[in-house]
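**Q** What follows is a predicted structure for the sequence shown.
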Amino acid sequence: MSRGSRRRLPWRMLVWLTLVWLMLWGRLSTGTLLAGIAIAALVTTTLPLPAVEFQGGIHPFATARLVGRFILDLVRASIQVTLLALNPSRTPSGAVIRVHLRSESDLYLTLTAELSTLVPGSLVVEANRQTGVLHLHILDVDALGGIEKVRADTLGIEARVLRALASDDELAAAGLTRSGRDERRVEQT
């Protein structure tokens, strides 16, 4: 990285942080705006974020499938958690499950972890970026079909994320194809 590029402020981040500052204060004034800009500049220069490598692109059909399946999982899990909460006589069988992801990318690990956590009844308790391992706490493993089914479902989320965003080389490195014909095999393992 050249000296000039290191000194430049990331303008998009600066604008975003200033907007967050204004939303936190709840009013727009000259003083609040100037304070937001100053704090955003201070944060972006003293606490720079590491660059995230992204070699892929957005694939519309795969992204639509990812979003559609996420919404379906969200509704299904919400119903399961609601039924569990309304049935106090049933004790859930919780577990922490280790899932080794196929991709080595921090971006895809993070997206897989976020999508897994947003579904009610599951929570990522640890994401190890060096090993590509997620540890998920599952509220009721039996209702979800057991440990291996949860592991396969998590790998299915990762596969959908990769198909939606990864390059063909990244898909091949993860042992996947763009067509999704290998997904049945993934969900059975």
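**A** Good, I have the coordinates.
**Q** Which secondary structure state is assigned to Gly56?
**A** Following DSSP: H, G, I helix; E, B strand; the rest coil, we place Gly56 in the coil state.
**Q** who's in contact with Thr154?
**A** Thr154 sits next to 97, 99, 112, 116, 134, 136 when contact means CB atoms under 8 Å, 6 or more residues apart in numbering. Placement of C-beta: from N, CA and C, glycine included.
**Q** Kindly recompute the last result at 10 Å.
**A** For Thr154, the residues meeting the contact criterion (CB atoms under 10 Å, 6 or more residues apart in numbering) are 97, 99-101, 112-113, 115-116, 122, 124, 134, 136, 138.
**Q** CA atoms only for stretch 64-80 - export them in CSV, please.
**A** Only the C-alpha atoms of stretch 64-80 are listed here, as CSV (Å, rounded to 0.1, in the frame of the first residue of the first chain):
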residue,chain,number,x,y,z
ALA,A,64,-32.7,-15.0,-4.1
ARG,A,65,-32.5,-18.7,-3.1
LEU,A,66,-30.3,-17.7,-0.1
VAL,A,67,-32.8,-15.1,1.0
GLY,A,68,-35.8,-17.2,0.4
ARG,A,69,-34.4,-20.2,2.3
PHE,A,70,-33.4,-17.9,5.1
ILE,A,71,-36.9,-16.5,5.4
LEU,A,72,-38.3,-20.1,5.4
ASP,A,73,-35.8,-21.2,8.1
LEU,A,74,-36.7,-18.1,10.1
VAL,A,75,-40.4,-18.8,10.0
ARG,A,76,-40.0,-22.5,10.7
ALA,A,77,-37.7,-21.9,13.6
SER,A,78,-39.9,-19.2,15.1
ILE,A,79,-42.8,-21.6,15.1
GLN,A,80,-40.7,-24.4,16.7
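**Q** next one: the host helix or strand of Thr63 to chain centre, how far?
**A** When secondary structure is defined by DSSP states H and E, Thr63 falls within helix 60-86. The offset between the C-alpha centroid of helix 60-86 and the centroid of the whole chain comes to 15 Å, using CA atoms, centre = their mean, to the nearest Å.
**Q** Same check on stretch 58-76?
**A** Counting by CA atoms, centre = their mean, stretch 58-76 is centred 13 Å from the centre of its parent chain.
**Q** Neighbours of Trp25, how many?
**A** Using other CB atoms under 10 Å, Trp25 is surrounded by 14 other residues.
**Q** and if you look at the one 5 residues further on?
**A** Thr30 has 7 neighbours, counted by other CB under 10 Å.
**Q** Same check on Ile58?
**A** Around Ile58 sit 8 other residues, with neighbours defined as other CB under 10 Å.
**Q** Run through this protein and note the low-pLDDT ranges.
**A** Across the chain, the stretches falling below the confidence threshold (pLDDT under 70) are 1-9, 181-189.
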